[in-house]
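Engineer: Sharing a sequence plus its predicted fold:
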Amino acid sequence: MPLPVLYSLRNCPYAIRARLAIYASGQQVYLRDLILSNKPAEMLAVSPKGTVPVLVTLDNAVIDESLSIMQWAFSQTDPNDYLHKSAPNALAEMRVLIERFDSEFKGHLEQYRCSKRYHETSLLDDRQKCEPYLADLEKRLCQHQYLMSDKPSLADLALMPFVRQFARVERQWYLQSPYPKLRQWLNGYLQSRMFTKVMAQQPMWLDLKEDVVFGNRV
């Protein structure tokens, strides 16, 4: 049967969150895994900017922003109410939180990762620039089980890949950091069946040109 096509990169946090939403929504796609040094001509033809993820829907619409792909998935099916449809302004509040992380935290995180990789003296300062954002999540998780309420939301899936990146920079510091609720929240996702499926190693699409069915049809 025909399915939408998702061009993806296994460890890119933007691609991870797109795959998380597709899986959590119960959608299925043809997954075309790639490496950025060898981008398929088919992907560049529909999205010349050359970044992942890129979704081509059955009606040939092209969606090449991760958050838009997430919202597309949950607009198709949302059996566990990740969009919190019954809560007034819930989606708008989620988007504000996600945008803050995408526009502010992500830059601090990249600098922190670079400082660690290149043994720069600014490591402590760069980590401390990330911490107010983590403290905000910790405060939220002290109030309820997930970021927005006691059930998972679009915001949880959108932010988790970036918190995962942060946790891997200075692992020993992170394990002793003053964010126990955040660690519990992240571990819950990392140990989930969903994350295992989302992160499963797939053959490179350009090697065989065979589409892999990805998703969790409900």
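Structural biologist: Received it, and whenever you're ready, just let me know what you need.
Engineer: does residue 97 count as helix, strand or coil?
Structural biologist: Assigned by DSSP: H, G, I helix; E, B strand; the rest coil, the conformation of residue 97 is helix.
Engineer: Skipping its backbone neighbours, what lies nearest it in space?
Structural biologist: In space, residue 97 comes closest to residue 155 once its chain neighbours are excluded; the distance is 5.3 Å by CB to CB, 6 or more residues apart in numbering. Quick note: C-beta positions are derived from backbone N, CA and C, even for glycine.
Engineer: now residue 174
Structural biologist: Going by CB to CB, 6+ apart, residue 174 has residue 167 as its nearest residue, at 4.8 Å.
Engineer: what about the one you found, how many residues close to it?
Structural biologist: 20 (other CB atoms under 10 Å).
Engineer: Could you do residue 4 as well?
Structural biologist: 22.
Engineer: Check residue 208 too.
Structural biologist: 9.
Engineer: Which pLDDT does the model give it?
Structural biologist: You'll see residue 208 listed with a pLDDT of 89.
Engineer: for the record, mean pLDDT for stretch 32-44?
Structural biologist: pLDDT averaged over stretch 32-44 gives 95.
Engineer: Begin at 10, not 1, for the rest of this chat.
Structural biologist: In the new count, where the first residue is 10, that last one comes out as stretch 41-53.
Engineer: quick one: contacts of it?
Structural biologist: 14-19, 59, 61, 63, 211-215, 220-221 (CB atoms under 8 Å, 6 or more residues apart in numbering).
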